[in-house]
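*Asks:* Okay, here's the prediction I keep looking at, along with the sequence it came from:
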Amino acid sequence: MESADIGALHTKKLSLWFLIIVILVLLLFATVVFALCIGPVGIPVDEIINILFGGEASWSHRTIILNIRLPRVLLGGLVGASLAIAGAGMQGLFRNPMASPYVLGLSSGAAFGASLSIVLGFSIVSGLFAVPAMAFIFSFITLLLVYNIAKVNGRVPVDTLLLAGIAIAAFFTALVSFMKYLAGEQLSSIVFWMMGGLWDARWEFFVFALPMVAVGVAMILIFSRDRSVLMIGEEHAVNLRINVPLARNPVLGASSLVTAAAVSVSGVIAFVGLIVPHMMRLFVGPDNRILLPASCLVGAIFMIWTDTLARTIIAPEELPVGIITAILGAPFFLFLLKRRKGVTGW
Amino acid sequence: MVMLVVQGISFSYGSSDVLADVSFEASDGEIVGVIGPNGSGKTTLLKCVNRALSPRVGTVLIDGRDYAELTRREIAGNIGVVPQNSVVSFPFTVLDIVMMGRTPSMERFERESEKDLEIVKKALEMTNVVGLVDRTMDQISGGEKQRVVIARALAQKPKILLLDEPTLHLDVNHQLEILDLIRNLARSERLTVIIVSHDLNLAARYCDKLILMSSGKIEASGRVMEVLTEKNIESVFRVKAAVTYDKHLGAYTVTPLECCR
């Protein structure tokens, strides 16, 4: 093979990456527009476009879109993007296909915080943010606990981190069970919160989560190349002069930040963070530089569609979206898994 | 020309000394084998030379410069490493893996330049893996993987190449293939090569110089015939062995006979 071919192969890879991102961005936009059309009141696509970009539209439709559907769709997209990129980040970090955004027990901590607020009415703020604030604070308390327990002589071995996460998660899950036992009439609220859903979606929640997710995603993406090298082994990374703690710790923090932000506004939505990165790894390969942004975009698309289904499938009632993500996601994922026979690794 | 000077380095994990006052030199185009029993400090020595670990005392001079004064990037541009567990199972392509060798010389968001691609291409050619560039690491054999990891080390444009057990897990054909490749690289590129090996026969056959280690110290060093004596093997490995010169091979061979009681 000639030199030009190596260059061509490299250019081809970069153009493919660019193309994938462009297509996914377009798909995300289309998803947002179509999801806005769907609901108890059907609103045509052209009117949606008018409303979004300041054209002619009826007042009632404008209100439905801007006050009800848009915050919900955008929040869904944000939550899906957060869980997917945090999952991809954690899987790369732990070099473990079982890792999900919840691997450090953040969701259990969040559930305990939420249940404190739901059952005992105990929260640092009152009103709209009573539950999200507690969920957010407790997921961060969980992270700090797990991280400090796993720290040995200033180093944080990843397997100790995983085990500490499992133990702390078990502890908080037990506390949540205790809160459920005490809950009485509030029991269904806790159960629904833990299934995950976006029925409380509001602009306030979107505005609360957006800056954290933006900062977190940026931090995760900045260290993509280092982490790709880290994936093939810590020793290799050291030899290639990767600063291992610098490639690892900010991503751990950032993944936890976006997860905490997502969980606090939507509850514990299962499966998205586990499955979307795996799906994308099958399509785009293991390189973090494409895997992470692609997971992020597909997470958003996947979440918006499943949430649209959740709010329409048994309308006027709605299902917790966590149920749909697992019911649809698991078989689709298994289908992909069986199809790529003969490929080892993950 | 002397490329690598190791002067009196010691290293300890906690309170136990793993390396004590180790010194040696290696020139360009020279292959130095580091042999010794398990736990004698071979890998630690390699890591100290690579500055993955910092020796407690002593210095390492690379091309006449103290490596404590070199930046990470300069060390990466001088020393390429093939670690022991170099089997990569993620479906990265061969080109991806070799391209990673350029990482140390690039800024965080910099794209690979024409020059980088040229260097990568040369590394692929030298290790004869050009035909594999678009294959993924899980689709190629153990010997091919090892050549790819060597290509990645070469893509750093090093003057010194460190290899930790490069023939481990390879069949006899691929063992010879890898070591022939390394010897050719040492001669044609004037690389200084340090190989850690458990295979005394391959070390005897391919290395210009041997360093025999025992409990963190250098027990013997020098030419193969001076180091691989029956007496040395017995005292360091606790094994009675017969060392003979094989005329067909033009090298010494070691036949272990029995463990010493």
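*Replies:* On my side now, so go ahead. Residues are numbered from 1 along each chain as shown, chains lettered A, B, ... in the order given.
*Asks:* can we go C-alpha only for contacts and neighbour counts from here?
*Replies:* Noted.
*Asks:* hang on, residue B:161 in a helix?
*Replies:* No - Residue B:161 is assigned strand when assessed by DSSP: H, G, I helix; E, B strand; the rest coil, not a helix.
*Asks:* For residue B:126, see how far away it is.
*Replies:* As judged by CA to CA, to the nearest Å, residue B:161 and residue B:126 stand 14 Å apart.
*Asks:* For those two, work out which one has more neighbours and name it.
*Replies:* residue B:161 (25 against 19; other CA atoms under 10 Å in any protein chain shown).
*Asks:* what is the more buried one paired to in the beta sheet?
*Replies:* For residue B:161, the beta-bridge partners are residue B:80, residue B:193 (DSSP bridges).
*Asks:* That one against residue B:196, yeah?
*Replies:* No - in this structure, residue B:161 is not within contact of residue B:196 by CA atoms under 8 Å, at 11.3 Å.
*Asks:* and the closest residue to residue B:143 other than its chain neighbours, what helix or strand is that in?
*Replies:* Computed as CA to CA, 6 or more residues apart in numbering or on different chains, the closest residue to residue B:143 that is not its neighbour in sequence is residue B:174, at 5.6 Å. In this assignment (DSSP states H and E), residue B:174 forms part of helix B:172-189.
*Asks:* ranges for the helices of the stretch 51-200 of chain B?
*Replies:* B:72-78, B:94-99, B:114-126, B:142-155, B:172-189, B:200-206 (DSSP state H, counting those that start in this stretch).
*Asks:* Tell me the helices and strands packed up against the third one.
*Replies:* What that stands for is helix B:114-126. Secondary-structure packing of helix B:114-126 (3 or more CA pairs under 8 Å, 6 or more residues apart in numbering or on different chains; DSSP states H and E): helix A:3-37, helix B:94-99, helix B:142-155.
*Asks:* and what of the fourth one?
*Replies:* Taking 3+ CA pairs under 8 Å, 6+ apart as contact, the helices and strands that helix B:142-155 lies on are strand B:79-82, helix B:94-99, helix B:114-126, helix B:172-189.
*Asks:* what's in contact with it?
*Replies:* Contacting residues not belonging to helix B:142-155 are listed as B:80-82, B:86-88, B:94, B:97-102, B:119-120, B:122-124, B:126-129, B:137, B:161, B:166, B:169-170, B:174-175, B:178 [CA atoms under 8 Å, 6 or more residues apart in numbering or on different chains].
*Asks:* List the buried residues for it?
*Replies:* Buried residues in helix B:142-155, counted by 16 or more other CA atoms under 10 Å in any protein chain shown: B:142-155.
*Asks:* repeat for the fifth one
*Replies:* Residues of helix B:172-189 classed as buried under the neighbour-count rule (16+ other CA under 10 Å) are B:174, B:175, B:177, B:178, B:179, B:181, B:182, B:183, B:184, B:185, B:186.
*Asks:* Geometric centre of the chain: which residue is closest?
*Replies:* Unless you meant another one, I'm taking chain A. residue A:83 (0.9 Å; CA atoms, centre = their mean).
*Asks:* my bad, the chain I had in mind was chain B
*Replies:* residue B:163 (2.1 Å).
*Asks:* so what's it up against?
*Replies:* Per CA under 8 Å, 6+ apart, neighbours of residue B:163: B:81, B:82, B:83, B:84, B:193, B:194, B:195, B:196.
*Asks:* Kindly recompute the last result at 6 Å.
*Replies:* B:81, B:82, B:195 (CA atoms under 6 Å, 6 or more residues apart in numbering or on different chains).
*Asks:* and what of residue B:205?
*Replies:* Applying CA under 6 Å, 6+ apart, the residues near residue B:205 are residue B:251.
*Asks:* Could I get the pLDDT score of it?
*Replies:* pLDDT for residue B:205: 93.
*Asks:* Which positions in the least confident helix or strand in chain B by mean pLDDT come out as buried?
*Replies:* Lowest by mean pLDDT, DSSP states H and E among the helices and strands of chain B is helix B:72-78, with a mean of 86. For helix B:72-78, the neighbour count (16+ other CA under 10 Å) marks B:72, B:73, B:75, B:76, B:77, B:78 as buried.
*Asks:* any idea how far residue B:24 is from the third one?
*Replies:* To tie it back to what came earlier, the one meant is residue B:75. Going from residue B:75 to residue B:24 by CA to CA gives 19 Å.
*Asks:* Also the first one?
*Replies:* The span separating residue B:72 from residue B:24 equals 23 Å under the rule CA to CA.
*Asks:* Give me the residues contacting the least confident helix or strand of chain B.
*Replies:* Everything outside helix B:72-78 that qualifies as a contact, by CA under 6 Å, 6+ apart, is A:241, B:104, B:156, B:157, B:158, B:159.
*Asks:* where does chain B have low pLDDT?
*Replies:* Within chain B, the segments meeting pLDDT under 70 span B:86-89.
*Asks:* again, but for chain A
*Replies:* For chain A, the stretches with pLDDT under 70 are A:1-4, A:340-346.
*Asks:* if I look at residue A:338, how far off is residue A:331?
*Replies:* As for residue A:338, its distance to residue A:331 is 10 Å (criterion: CA to CA).
*Asks:* Could you do residue B:134 as well?
*Replies:* Residue B:134 is 31 Å from residue A:331, where distance means CA to CA.
*Asks:* So between those two, which is more surrounded?
*Replies:* Per other CA under 10 Å, whichever of residue B:134 and residue A:331 has more neighbours is residue B:134, with 14 against 11.
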